[in-house]
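K.L.:
the following comprises the amino acid sequence and a computationally predicted model.
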There are 2 protein chains.
Amino acid sequence: MPSSRPLRADARRNREALLSAARQAFLGGDTDAHVEDIARSAGVAVGTLYRHFETRDALIKEVYRKEVDDLCAAPGDLLNQYAPEEALRRFLLLLVDHAAVGKGMSVALENIMATDSPVFDDARTRMADALSLLLDAGNAAGTVRGDVTGPTLLRALGGICAMRVSEGWLDEARQITSLLLDGLRHKAPRGS
Amino acid sequence: MPSSRPLRADARRNREALLSAARQAFLGGDTDAHVEDIARSAGVAVGTLYRHFETRDALIKEVYRKEVDDLCAAPGDLLNQYAPEEALRRFLLLLVDHAAVGKGMSVALENIMATDSPVFDDARTRMADALSLLLDAGNAAGTVRGDVTGPTLLRALGGICAMRVSEGWLDEARQITSLLLDGLRHKAPRGS
DNA sequence: CACATAAACGGAACCGGACTCACCTTATGG
DNA sequence: CCATAAGGTGAGTCCGGTTCCGTTTATGTG
């Protein structure tokens, strides 16, 4: 029962404005925008920001959590449109591209995947589930090995997305992704 | 000409003490130790710290840079002792284990590999060279594909090492590494 | 519509932590 | 032993996140 009362009209407006302003700032690459600035560009004072979010960090997390929600929706759609292996491929690339939108987003993913914070438990679980869905489908179709779990792949991706900045990173991220995909495809002999 | 003068005796002592104290703190997991504390546990005042290091960040970087130096020495040795592919495998795992020593070290690697900061250009280049050495040897021996470069692999590893914390991470890191290795081994058919 | 009241807002003040600077201490070479 | 410049010190500044309380406003009631 998070909402004891439905939240006053202007309050919700402001909360929304704050999230939007923060999103704007973070996705724009300015990962350490000042709370003052965020508040101002949302048309409110800092006090208001703190009424809605426990802390600066909480605000950031909220923004990122929302962003991840979108991503989590994709696997289901992809599996409807493509063969399992292709769906997996596309999802991995989608993640990479998503990270490319704003450098900030990569920090988001990194945090979500590398942090222990319970705040992300839900997001992480859902993302891992999404991956498991793809992996299982691929395994059932015989094109993907069965000894890799969703959570593990999730970590690998978190790692890849953590590589922020520098010119050619996007291409390299894609290449690494395909490398991972190659690894997933073959049931390689288990060296001693 | 970095050193115009050989640096006074006590100065070098203090500089060393600071690096050591910082190393202690960071590798111990306290990635955001206060400068005050670092200085104190090195037996000097903050002013002294700032005499030796432009900024807190500079100190951290210096510690990490040194740590990476060690790692860079390994590939040569490994190639002397093992077959190329095995040497590559061992080096990758060495990286992972090194990251395991202290959680702080993973942050180190991440920073070094993901940052553009010219400070790390040298470290990054040398690490990439080390990997190229291993890849080339493996390729010459016919056991490793030839279309992956040192820098690319370096990024992938930086990513993996960026996954800090949470119980099973070490095992997962190892698994992901072997996944990567599988991808490197086979010259997989290039999908459309 | 006027009023009561609880919810929201504003923004000056606070506080913790990185960084500076004017002054003191000490190594070093003559 | 002195001169002097390198080195050290730590109180003070600055900056940015967070708090707090007086003021404003949405909302529902008579």
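P.N.:
Cool, the structure landed.

K.L.:
what parts of chain A come near DNA strand C?
P.N.:
When proximity is defined as CB under 7 Å from any atom of the strand, chain A approaches DNA strand C at A:5, A:7-8, A:10-11, A:13-14, A:43-48, A:50-52. Every C-beta, even on glycine, is put in place using the N, C-alpha and C of the backbone.

K.L.:
quick check: PyMOL command selecting the buried ones in the residues you listed.
P.N.:
To isolate the buried members of the residues of chain A next to DNA strand C in PyMOL, using 16 or more other CB atoms under 10 Å in any protein chain shown:
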select buried, chain A and resi 14+44+48+52
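
K.L.:
out of the residues of chain A next to DNA strand C, which touch DNA strand D?
P.N.:
Among the residues of chain A next to DNA strand C, DNA strand D is touched by A:8, A:10, A:46, A:47, A:50 when using CB under 7 Å from any atom of the strand.

K.L.:
so which of those comes closest to chain B?
P.N.:
If you rank these by distance to chain B using CB to the nearest CB, residue A:50 comes first, at 22.3 Å.

K.L.:
domain ranges for chain A, per the record?
P.N.:
Domain segmentation of chain A under automatic domain parsing yields A:8-53, A:57-185.

K.L.:
buried deepest among those, which one?
P.N.:
Mean neighbours per residue, mean count of other CB atoms under 10 Å in any protein chain shown, is largest over the domains of chain A for domain A:57-185, with a mean of 19.

K.L.:
any bit of the longest helix along chain A sitting next to DNA strand D?
P.N.:
The longest helix of chain A (DSSP state H) is helix A:56-81. Yes - judged by CB under 7 Å from any atom of the strand, helix A:56-81 comes into contact with DNA strand D at A:56, A:57.

K.L.:
now the strand or helix carrying residue A:10 against helix A:56-81, angle please.
P.N.:
Under the criterion of DSSP states H and E, residue A:10 resides in helix A:9-27. Angle of helix A:9-27 versus helix A:56-81, following axes from the mean of the first three to the mean of the last three CA atoms, to 10 degrees, is 80 degrees.

K.L.:
tell me what helix A:9-27 is packed against?
P.N.:
helix A:35-41, helix A:46-52, helix A:56-81, helix A:103-114 (3 or more CB pairs under 8 Å, 6 or more residues apart in numbering or on different chains; DSSP states H and E).

K.L.:
can you list those in TSV and add mean pLDDT?
P.N.:
Output for the helices and strands packed on helix A:9-27, formatted as TSV (pLDDT from 0 to 100):
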stretch	mean pLDDT
helix A:35-41	97
helix A:46-52	98
helix A:56-81	83
helix A:103-114	52
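
K.L.:
chain B is nearest to which of the ones you listed?
P.N.:
Using CB to the nearest CB, the helices and strands packed on helix A:9-27 put helix A:103-114 closest to chain B, at 5.2 Å.

K.L.:
downstream of the helix or strand bottoming out on mean pLDDT in chain A, the next helix or strand is which one?
P.N.:
One helix or strand of chain A scores below all others by mean pLDDT, DSSP states H and E: helix A:103-114, with a mean of 52. Downstream of helix A:103-114, the next assigned helix or strand under DSSP H and E is helix A:121-140.

K.L.:
nearest to DNA strand C: which residue in chain A?
P.N.:
At 2.0 Å from DNA strand C, residue A:47 is the closest residue in chain A, using CB to the nearest atom of the strand.
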